[in-house]
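> structure, please.
(one chain, ligands or ions: 1)
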Amino acid sequence: MKTFPNPVLTKPQAEAALDTAVGLVRQNLPLFTARCQNHSSVHDIYPACDNTQWTCGFWPGEVWLAWERTGDDAFKNTALTLVDSFLWRIEHKVEVDHHDMGFLYSPSCVAAYKLTGSEAGKKAALLAADQLCTRFQEKGGFFQAWGPLGAADNYRYIIDCLLNVPLLYWASEVSGDGHYAALAHRHVATCLANSIRADGSTYHTFFMDPATGAPVRGATCQGYKDDSCWARGQAWGVYGTAISYTYTRKPEYLDAFRRVLDYYLDRLPEDMVPYWDMTFTSGNEEPRDSSSASIVACGLLEAAKHVDSAECVRYKTLAAQMLASVAEHYTVKEGPAGIGLVRHGTYSKKSPYNTCTPEGVDECVSWGDYFYMEALTRFLCDWKLYW
Ligand code: GLY
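Reported below is the predicted structural model:
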């Protein structure tokens, strides 16, 4: 069982860190109310964008977290304006032919419904759940991530989808219709059966046979190479299995959580913030992905609710150590309008072996900012999931 000597975040440090983040979110409200925040910054500054990217849900999630922290209606008003934009997007099917409905609609619209009873938020999130269900492939039992449905060169799912399926658990709870959760269970079972290697590392993407539904091969898009371990994919594995366990209490999900977590911890450098791919370890010149650390901290704090006291203490300590490192060494304290919250995230770094478009390398990334705030909020209170 790997442990680290690093300092833990204290409650006053967490409060100060969250208040700094909230201050930066407040400063950015005028820029990102009528428009959305781009997926990643350029020299730490986020451009504005239309509500067309898979990442547009994270900024409203930050605004909801800021509202929970302060009770200031300036945050609520911006978040509800953005909910209207998300309802319009799903009603008009703007850039929704992919699986990222949970990333888009949980932190924006499920949050709006849970926090304020917003009917627009509920309607939008249920439509998004329906949209995600259209991407379910019976042959293989998975949500197809990208591309035209059934296309042989895109007949695959990706580990990231573990954060999309919670939208379906929520949709079943709120609608009383079990088919959403049933598809979620089938997808998670397929993912856990194929995507986790014997050593606990994960494949980013996994191809299935369109004729038979049989598993074919793991591959990467954003990791270094097919048989390496993309740090954020591993983090989606950690947090995604924890949330699925919360909703289902299936012991195999908690077992999977422990396996992917152990691999992740074994590959961390001294400051507990991974390089963008876990091939790279201490002493490397490669960029980090600070967003992975915040995502894993959220997963640890979620899993800590379900385990015995010794394991709970261990998970809370690890999360507090990761957050102390991010807060101390990676965060922005002040800056001009549009500034991000957490530096040294990596969206997609090109390698000789992967297929991604390079963007957002060693920058602030919108989900890195969101999960940092979520983790601090979890650390400070008994937080009700937006997922
Ligand atoms: N879900 C895509 C990413 O994590 O970059």
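
> for the residue of the chain positioned farthest from its centre, give its distance to the ligand.
The outermost residue of the chain relative to its centre, with distances by CA atoms, centre = their mean, is residue 211 at 31.4 Å. Per CB to the nearest ligand atom, to the nearest Å, residue 211 is found 28 Å from the ligand. Just so you know, the C-beta spots here come from the backbone N, C-alpha and C atoms, and that holds for glycine as well.

> my guess is that residue contacts residue 139. True?
Yes - assessed by CB atoms under 8 Å, residue 211 is found in contact with residue 139 at 7.4 Å.

> quick check, the residue in the stretch 251-387 of the chain closest to the ligand?
Closest to the ligand within the stretch 251-387 of the chain is residue 347: 5.7 Å, counting by CB to the nearest ligand atom.

> what's around that residue, how many residues?
Around residue 347 sit 25 other residues, with neighbours defined as other CB atoms under 10 Å.

> pretty sure it is in a helix, no?
No - judged by DSSP: H, G, I helix; E, B strand; the rest coil, residue 347 forms no part of a helix; its state is strand.

> so where is the stretch 101-250 of the chain shaky, pLDDT-wise?
Counting by pLDDT under 70, the stretch 101-250 of the chain has no low-confidence residues at all.

> all helices of it, in order?
Secondary structure of the stretch 101-250 of the chain (DSSP state H, counting those that start in this stretch): helices at 101-105, 111-116, 119-133, 166-175, 179-195, 231-248.

> grab the nearest non-local neighbour of the residue of the chain at minimum distance from the ligand.
Closest contact between the chain and the ligand, by CB to the nearest ligand atom, is at residue 160 (3.7 Å). Residue nearest to residue 160 in three dimensions, not counting chain neighbours: residue 236, with 4.8 Å by CB to CB, 6 or more residues apart in numbering.

> ok, residue 245 next?
Residue 245 sits nearest to residue 253 (CB to CB, 6+ apart), 4.0 Å away.

> cool, and residue 111?
Residue 111 sits nearest to residue 386 (CB to CB, 6+ apart), 4.0 Å away.

> that neighbour: what secondary structure?
From three-state DSSP, the assignment for residue 386 is coil.

> ok, it - contacts?
Shown in contact with residue 386 (CB atoms under 8 Å, 6 or more residues apart in numbering): 61, 64, 106-107, 110-111, 114, 374.

> what ranges do the strands span in the protein?
Applying DSSP state E to the chain gives strands spanning 36-37, 48-49, 136-137, 142-143, 156-158, 205-208, 215-219, 345-348, 359-363.

> what is the burial count for residue 337?
Residue 337: 13 neighbours (other CB under 10 Å).

> is it true that it touches residue 27?
Yes - between residue 337 and residue 27 there is a contact at 6.2 Å, judged by CB under 8 Å.

> what inclination does the longest helix along the chain have with respect to helix 231-248?
Counting by DSSP state H, the longest helix found in the chain is helix 309-329. Angle of helix 309-329 versus helix 231-248, following axes from the mean of the first three to the mean of the last three CA atoms, to 10 degrees, is 140 degrees.

> give the rounded mean pLDDT of helix 309-329.
Here helix 309-329 scores 98 as its mean pLDDT.

> what's next to it, contact-wise?
With CB under 8 Å, 6+ apart as the contact definition, helix 309-329 has outside contacts at 1, 3-4, 6-9, 13-14, 17, 265, 271-273, 290, 293-294, 296-297, 300-301, 303-305, 307, 342, 372, 375-376, 378-379.

> only the buried subset of those residues, as a ChimeraX command please.
In ChimeraX syntax, the buried subset of these is picked out as below (16 or more other CB atoms under 10 Å):
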select :4,6,9,13,14,17,265,271,272,273,290,293,294,296,297,300,301,303,304,307,342,372,375,376,378,379
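
> now narrow the contacts of helix 309-329 to whatever sits close to the ligand.
Here nothing survives when the contacts of helix 309-329 are matched to the ligand using CB under 6 Å from any ligand atom.

> what's the burial count for residue 316?
Neighbour tally, residue 316, other CB under 10 Å: 18.

> now the strands of the chain in TSV, with distance to residue 183?
Rendered in TSV, the data for the strands of the chain read as follows (distance: least, CB to CB, whole Å):
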stretch	distance to residue 183
strand 36-37	28
strand 48-49	30
strand 136-137	5
strand 142-143	8
strand 156-158	12
strand 205-208	15
strand 215-219	18
strand 345-348	28
strand 359-363	31
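
> what about residue 267, neighbour count?
The burial count for residue 267: 21, using other CB under 10 Å.

> and the stretch 201-350 of the chain, which residues reach the ligand?
The stretch 201-350 of the chain has residues 222, 232, 347 near the ligand, with proximity defined as CB under 6 Å from any ligand atom.

> which of those sits closest to residue 89?
Closest to residue 89 out of those is residue 347 (21.2 Å), distances taken as CB to CB.

> tell me the spacing between the closest one and residue 24.
20 Å (CB to CB, to the nearest Å).

> CA atoms only: put stretch 380-387 into PDB for me.
Provided in PDB are the C-alpha atoms of stretch 380-387 (Å, rounded to 0.1, in the frame of the first residue of the first chain):
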ATOM      1  CA  LEU A 380     -14.800  21.300   3.300                       C
ATOM      2  CA  CYS A 381     -18.300  20.000   3.400                       C
ATOM      3  CA  ASP A 382     -20.600  17.100   2.800                       C
ATOM      4  CA  TRP A 383     -21.200  17.900  -0.800                       C
ATOM      5  CA  LYS A 384     -24.100  16.700  -2.800                       C
ATOM      6  CA  LEU A 385     -23.000  15.300  -6.200                       C
ATOM      7  CA  TYR A 386     -23.700  17.200  -9.400                       C
ATOM      8  CA  TRP A 387     -22.900  13.900 -11.200                       C
END
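
> give the buried residues for it.
The neighbour-count check on stretch 380-387 (16+ other CB under 10 Å) flags 383, 385-387 as buried.

> with stretch 61-79 instead?
So for stretch 61-79, counting by 16+ other CB under 10 Å, buried means 61-70, 75-76, 78-79.

> perfect, that will be all.
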